[in-house]
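A structural model of the following input is requested.
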Amino acid sequence: MGDLPEFAELVDRYQGMVYSIALRSLGQREAAEDLAQEVFLSLHEHLHGLESEDHVRNWLRRTAANRSIDEIRRRRYRSGPGLDEVPESFTEPGDSDPLLLALLRSTVAALPAEARVLTVLRFQQELEPGEIAATLNMPVATVKSRIHRTLKLLRGKLERRTEARPKG
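This next block holds a predicted model:
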């Protein structure tokens with residue numbers, strides 16, 4: 001393990017990142033907290049096989065993203081509020097358009113599981129395609145094409161939604 005920080009220090013350092021990925025992907029605080037706890041329990045079990053802090057950070061991202069995808073897929077068969085019905089836990093910049101942000105959030109919430117997690121990793125976590133590829137263990141070209149496809153899908157959905165709204 002070398003000069004890897006203690007487990008408690010790793011939890012303290014990366015809990016915000018793991019929770020953020022889970023919250024943005026799942027849209028429910030309780031579910032995000034549960035998922036983050038599961039990820040850190042798994043980290044504790046696998047910590048002996050991780051070589052550096054970068055390895056830990058990437059492992060946490062990958063695990064949080066993959067478990068979020070799994071949970072989204074499981075939820076298809078459950079009832080409850082959708083991602084667009086859950087209030088956000090952060091504040092937006094003052095010059096943003098709250099109606100546009102709500103529309104964008106609900107549109108992202110309607111994406112398939114993998115597309116939603118790719119969107120969170122790329123635009124909320126601000127990871128580059130190469131970092132996402134390493135995180136999700138897929139080729140960079142696949143990540144780029146799926147992000148491109150997801151953005152095209154989002155644009156189409158947003159255009160349809162804005163066209164369907166009554167003109168004031």
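
so where's the chain shaky on pLDDT?
Within the chain, the stretches with pLDDT under 70 are 1-3, 77-95, 165-168.

can you do 80?
For the chain, residues meeting the criterion pLDDT under 80 lie at 1-4, 75-97, 99-101, 161-168.

list the buried residues in the one helix or strand residue 63 maps to.
Using DSSP states H and E, residue 63 falls within helix 53-75. By 16 or more other C-beta atoms under 10 Å, the buried positions in helix 53-75 come out as 53, 56-57, 59-69, 71-72, 75. C-beta coordinates here come from the backbone N, C-alpha and C atoms, glycine included.

swap in stretch 155-166?
Applying a neighbour-count criterion of 16+ other C-beta under 10 Å, the buried positions in stretch 155-166 are residue 157.

and for stretch 115-132?
Applying a neighbour-count criterion of 16+ other C-beta under 10 Å, the buried positions in stretch 115-132 are 115-122, 125, 127, 129, 131-132.

just the ones of those residues in helices?
Residues from these lying in helices, with DSSP state H as the criterion: 115-119, 129, 131-132.

just checking, residue 32 touches residue 19?
Yes - judged on C-beta atoms under 8 Å, residue 32 makes contact with residue 19 at a distance of 5.6 Å.

for the ones in helices among the buried residues of stretch 115-132, which one is nearest residue 37?
residue 117 (18.7 Å; C-beta to C-beta).

how much space between that closest one and residue 105?
From residue 117 over to residue 105 the distance is 15 Å, taken as C-beta to C-beta, to the nearest Å.

what do you get for residue 74?
Relative to residue 105, residue 74 is positioned 21 Å away (C-beta to C-beta).

so residue 125 versus residue 96, what's the distance?
Summarising the geometry, the distance separating residue 125 from residue 96, computed by C-beta to C-beta, is 19 Å.

name the residues that touch the longest helix anywhere in the chain?
Taking DSSP H as the criterion, the chain has its longest helix at helix 140-164. Identification of contacts with helix 140-164 by C-beta atoms under 8 Å, 6 or more residues apart in numbering yields 103-104, 107-108, 110-111, 114-115, 118-119, 122, 129-130, 132-133, 136.
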